[in-house]
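> Here is my input; please provide its structure:
(2 chains)
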Amino acid sequence: DTAVSQTPKYLVTQMGNDKSIKCEQNLGHDTMYWYKQDSKKFLKIMFSYNNKELIINETVPNRFSPKSPDKAHLNLHINSLELGDSAVYFCASSQEGYKQFFGPGTRLTVL
Amino acid sequence: GDSVTQMEGPVTLSEEAFLTINCTYTATGYPSLFWYVQYPGEGLQLLLKATKADDKGSNKGFEATYRKETTSFHLEKGSVQVSDSAVYFCALSVDRSDYKLSFGAGTTVTVRA
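Numbering: from 1, shown residues only, chains lettered A, B, ... in the order given. Model prediction:
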């Protein structure tokens, strides 16, 4: 009965690799988000999709590309990983914008 | 730009102590204000909200009042428990749909038995 789930939970990879993180929500929400949380716990929005349409696209390197195959899924693909990409990435969803439900996070470590 | 500033942690206190976490904001217009909480190993969850000046949000014994004159939204709890140990985030939104939340840096709170 998980509301917002992410896979994988941990991801360790080498610089230069390409990786994807998947997110699924079973809440029937129309809007999904990706956030990045750095080592100091600072949380910053990256992208948001509403009914599969991109509505928020913050200043993020174009190595990051979100993909929404349907409104229950929002995946994050990262090309040419760099050391500075190491962080915890959170997926979230909402029906009312402010009440966002977060997934458990994916800890990405780039070596 | 729109932003939130929280008091730095970590904060460590004993059970039944009084907790205050300061939060001030800078925003154009009239933002909505929120507190989110992140328990260890979990994602964030909404704790409480206030959408206009003088509104008081409350949940699980926590309270925060939207003070426009001091641009503040401080979080308080009168008697904390070990289970309140978490990271607390103040956040705001200025767009009508509230989709874009701007978060503060988070304050880590540890409550000792």
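> partners of the helix or strand of chain B with the lowest mean pLDDT, with directions?
Ranking every helix and strand in chain B by mean pLDDT, DSSP states H and E puts strand B:102-103 at the bottom, with a mean of 90. Strand pairing for strand B:102-103, using DSSP bridges, gives strand B:86-93 (antiparallel).
> mind checking pLDDT for the closest residue to residue B:72 other than its chain neighbours?
Nearest non-adjacent residue to residue B:72, counting by CB to CB, 6 or more residues apart in numbering or on different chains: residue B:24, 5.0 Å away. Placement of C-beta: from N, CA and C, glycine included. We note a pLDDT of 97 for residue B:24 in this prediction.
> what does residue B:79 give?
pLDDT, residue B:79: 95.
> now residue B:93
At residue B:93, pLDDT is 89.
> Return the set of residues that bridge with it.
residue B:32.
> which residues touch it?
Counting by CB atoms under 8 Å, 6 or more residues apart in numbering or on different chains, residue B:93 touches A:97-98, B:31-32, B:34, B:99-102.
> is it possible to export those residues to CSV including neighbour count and distance to residue B:14?
Output for those, formatted as CSV (neighbours: other CB atoms under 10 Å in any protein chain shown; distance: CB to CB, whole Å):
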residue, neighbour count, distance to residue B:14
A:97, 21, 38
A:98, 20, 33
B:31, 25, 34
B:32, 21, 33
B:34, 27, 28
B:99, 19, 39
B:100, 18, 38
B:101, 27, 32
B:102, 20, 33
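> gap between the residue nearest to residue B:72 and chain A?
Distance of residue B:24 to chain A, computed by CB to the nearest CB, to the nearest Å: 16 Å.
> Please work out which residues outside the one helix or strand that residue maps to touch it.
Assigned by DSSP states H and E, residue B:24 falls within strand B:23-26. Applying CB under 8 Å, 6+ apart, the contact partners of strand B:23-26 are B:1-7, B:31, B:33, B:35, B:64, B:70-75, B:90, B:92, B:104.
> what do you get for stretch B:49-57?
With CB under 8 Å, 6+ apart as the test, stretch B:49-57 has contacts from A:98-99, B:30, B:32-35, B:48, B:63-68, B:73.
> Buried ones among the residues you listed?
Burial by neighbour count, judged by 16 or more other CB atoms under 10 Å in any protein chain shown, picks out A:98, B:32-35, B:48, B:63-67, B:73 from the contacts of stretch B:49-57.
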